[in-house]
Every structure is written in C-alpha cells, then in structure tokens.
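In: Quick one: sequence plus predicted model below, questions after.
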Amino acid sequence: MTPWLKDDMLAGKVAWITGGGSGLGRATALRMAGLGAQVCVMGRREKPLDETVAMIVDQGGIASRHAGDVREPEAIDATLAHIVETHGGLDILLNNAAGNFLCPSETLSPKAFSAVVDIVLKGSFLCTRAAGRYWIDTGRAGSILSVATTYAETGSAFVLPSACAKAGVVAMTRSLAVEWARYNIRLNAIAPGPIPTEGAFSRLLPSEEMLEGRKRKIPAGRFGTPEEFAELACFLVSDASSWFCGELMVFDGGEWLRGAGEFNDLLDLPPEVMEQLQKIRPRK
C-alpha cells in the first residue's frame with residue numbers, strides 16, 4: 001500500500017485508542033503517531049500495550065498506555081484523566097476494543113452474549129460518553145471513530161452477540177452524530193471486511209480452506225491489511241474529513257455488494273457455462 005496522507009496531518013492532536021495492543025488498534029496507533037499525533041493506547045493487558053508504545057517511540061513518536069477494562073466506568077475515567085494529564089487534552093477517540101466467537105445461537109448462554117455486548121457496545125458507549133462530556137465541558141472539538149462490521153447492517157449467522165453489539169455501535173454513531181454536531185463533535189464508523197490480524201481472525205477463520213473460501217467472495221481478490229485500515233481511519237478522524245458526520249464507511253473490497261447481488265454467484269461459473277447461458281437468451 002502507498003500511504004497517501006500528509007505527514008503532519010494529525011500534528012497537534014491527541015488520540016485515545018482502545019484495544020491498542022494489537023491488530024487494527026496497534027496499526028492505527030502507529031499510523032496516527034507517524035502523522036504527528038500523540039497517542040494513548042488502552043487495553044486490559046499491559047505487555048501488548050507496552051509493545052505498541054515502544055514501537056511508536058522507536059519511530060520518533062509520543063505515546064503512553066493505560067491499562068483498563070472498557071466495561072468499567074472507573075477505568076474509563078482514569079484513562080481519560082491520564083490522557084489529559086500526560087498529553088494535555090484529547091481530540092480523537094477510536095473505539096476499537098472488541099470480542100467475538102463462533103457459536104450456534106441456540107446454544108449461546110446469557111453470560112457469553114453479555115461478554116461480547118458489554119465490551120463492544122457498552123464499552124464503546126462509556127468511552128464515547130466520557131470523551132463527549134470532556135469536549136462539551138471544555139469547548140474543544142472532537143472526533144470519534146468506531147470500528148463496526150458489515151454484518152452490523154446485514155446480520156450474520158453464528159456471531160449473534162457481535163452482530164447485535166456492532167449494530168448498536170452504528171446506531172450510537174448515527175444518533176450522536178446528529179445530537180453532538182452542535183458541539184463540533186463528529187462521529188463516524190468503519191465497517192471493515194476480512195482483515196487478517198492476530199487473535200480474532202484466526203479464531204473466526206481457523207482453516208486454510210475457510211480462508212480461501214472467504215477470499216473468493218471478495219471481488220478485489222484479496223484480504224485487506226491493517227495498514228490500509230489505519231490510513232482510512234486517520235483520514236476520517238482528521239480535519240480533512242470535517243464534513244463526514246454519522247457515516248458508516250464500508251471497507252471490504254466489495255465483499256458486501258457481491259453477496260447482495262441476485263446473480264453475483266454467476267461469477268463462479270466456468271466461462272464455457274456462461275457462454276451456454278448466453279446462447280439461450282432471447283434475441284430480436
């Protein structure tokens with residue numbers, strides 16, 4: 001991928017990234033820092049957070065970390081206080097912390113359902129509320145970007161808790177985009193398709209056969225990369241996207257549209273079969 005954003009695009013900004021110890025969160029933290037932002041990464045495990053901070057510092061950036069659980073209001077308040085004290089304020093929030101697993105819905109326990117919903121939806125709400133209150137109280141502009149998924153709009157079998165939670169995040173984004181625009185606070189979301197990352201991706205697509213099957217459904221012919229996601233995320237939180245408000249940006253190589261088209265499966269037919277179909281069409 002060729003980076004396309006200006007090197008100083010986020011200069012002077014302070015970003016708070018949940019789930020910043022790995023995957024999309026780490027990639028975005030690195031890119032934001034590379035574009036001039038100071039970054040605070042949050043997560044439950046200290047070691048991955050320390051690794052992200054070290055990577056940012058090694059590339060000449062400014063970063064800190066604050067361990068905490070997004071499901072706990074006290075942890076959210078403590079993280080925000082740390083950011084303001086350490087970095088002098090807050091401009092950007094990336095709601096990225098998530099959990100997911102495959103499970104037939106009829107066997108899903110209430111505890112398992114809540115585990116995902118509390119991280120994804122409740123956690124995003126608590127972080128969003130804290131950041132929003134800070135910006136409203138201080139009169140400072142802010143930008144919130146949440147990581148959704150394409151099946152937040154369509155639904156999906158076997159990932160019911162995630163589908164419900166991500167749909168809630170999209171609804172929150174759209175609702176608050178209208179309500180908080182008067183405070184110069186923007187909210188948007190990205191709905192990424194399959195992007196290989198450590199952890200979740202390997203659990204959801206554990207075999208080579210499943211990986212290849214999923215890839216065949218993507219018109220672009222490949223999976224996305226964390227770096228591509230990070231580039232888009234940085235644009236959407238930057239001042240260059242100041243008229244984006246309440247948008248859900250689908251970022252999936254065309255996978256969603258391919259699944260929606262009535263005859264898109266014809267793409268899988270051998271050329272000779274398609275030629276036969278052409279011969280039987282009515283002609284004038």
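Out: Nice, thanks for sending it over.
In: where along the stretch 51-200 of the chain do the helices fall?
Out: 73-87, 110-117, 123-138, 151-154, 160-180, 200-204 (DSSP state H, counting those that start in this stretch).
In: for the ones you listed, which one sits closest to Asp252?
Out: Each of the helices of the stretch 51-200 of the chain has some distance to Asp252 by CB to CB; the shortest is helix 151-154, at 10.4 Å. (Each C-beta comes from the backbone N, C-alpha and C, glycine too.)
In: Which strands and helices lie in contact with the closest one?
Out: Applying 3 or more CB pairs under 8 Å, 6 or more residues apart in numbering; DSSP states H and E, we find helix 151-154 packed against helix 160-180, helix 255-260.
In: Can you check what angle separates the first one from helix 123-138?
Out: Looking back up the chat, that one is helix 160-180. 10 degrees (axes from the mean of the first three to the mean of the last three CA atoms, to 10 degrees).
In: looking at the helices and strands packed on helix 151-154, which is buried most?
Out: helix 160-180 (a mean of 19; mean count of other CB atoms under 10 Å).
In: For that helix, give me every contacting residue.
Out: For helix 160-180, the surrounding residues in contact (CB atoms under 8 Å, 6 or more residues apart in numbering) are 95, 98-100, 103, 105, 108, 112-117, 119-121, 124-125, 128, 132, 136, 144, 146, 148-149, 151-153, 155-156, 185-189, 191, 245-246, 248.
In: Any stretches of the protein with poor pLDDT?
Out: 199-204, 206, 261-266, 269, 273-274, 276-284 (pLDDT under 70).
In: Show me where it has its strands.
Out: 14-18, 38-43, 63-67, 92-95, 142-147, 185-192, 248-251 (DSSP state E).
In: could I get those as TSV with mean neighbour count?
Out: Compiled in TSV, the strands of the chain are given as follows (neighbours: other CB atoms under 10 Å):
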stretch	mean neighbour count
strand 14-18	26
strand 38-43	28
strand 63-67	21
strand 92-95	28
strand 142-147	25
strand 185-192	23
strand 248-251	18
